[in-house]
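Engineer: here's my sequence, what's the structure:
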Amino acid sequence: MASHGAVVSILIALYFYSKKVVKKPYLWILDRISAPIAIAGCFIRLGNLVNHEIVGIPTDLPWAFRFSRFLDEFGLPDLTPRHPAQLYEAICYLIAFVILIVIYWKK
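Structural biologist: Next up is the predicted model:
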């Protein structure tokens, strides 16, 4: 939830920054932060992976992770191999970052 609070705070701060400092439209500022926000999302999800948060469903795929901090209903570590959902999302954010940075430099 910390990342959600950060998003709201950043958007509010950028609104005031656009009006008081650069005196440009709010959307002008948002266009310039779209790529950095995508890469920040990638790093946030990698942090979730390191902290064993947002675990996926059980699987037997070779790239499955065992999350030692994930507890079962009895409070014991559940070492069932699971999909690394955070890694999947981080890869999607990285792809979005590449697309956005290419668009930014072409325009």
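
Engineer: where does the chain have low pLDDT?
Structural biologist: Along the chain, the parts satisfying pLDDT under 70 run over 1-2.

Engineer: try 80
Structural biologist: Along the chain, the parts satisfying pLDDT under 80 run over 1-4, 70-75.

Engineer: which residues in it form helices?
Structural biologist: Taking DSSP state H, the helices of the chain run over residues 2-20, 26-50, 85-106.

Engineer: next up, the contacts around the residue sitting nearest the centre point of the chain.
Structural biologist: Nearest to the geometric centre of the chain sits Gly41, at 2.5 Å (CA atoms, centre = their mean). The neighbours of Gly41, taking CB atoms under 8 Å, 6 or more residues apart in numbering as the test, are 89-90, 93, 96. Every C-beta, even on glycine, is put in place using the N, C-alpha and C of the backbone.

Engineer: cutoff 7 Å now
Structural biologist: Neighbouring residues of Gly41 by CB atoms under 7 Å, 6 or more residues apart in numbering: Tyr93.

Engineer: the residue located most distally from the centre of the chain and Ala90: what is the separation?
Structural biologist: Distance from the C-alpha centroid of the chain, by CA atoms, centre = their mean, peaks at Phe74 (30.3 Å). Shown here: Phe74 relative to Ala90, a distance of 31 Å by CB to CB, to the nearest Å.

Engineer: with Ile103 instead?
Structural biologist: For Ile103 relative to Ala90 (CB to CB), the value is 20 Å.

Engineer: okay, those two: which has more neighbours?
Structural biologist: With neighbours defined as other CB atoms under 10 Å, Ile103 and Ala90 compare such that Ala90 has more, 20 against 12.
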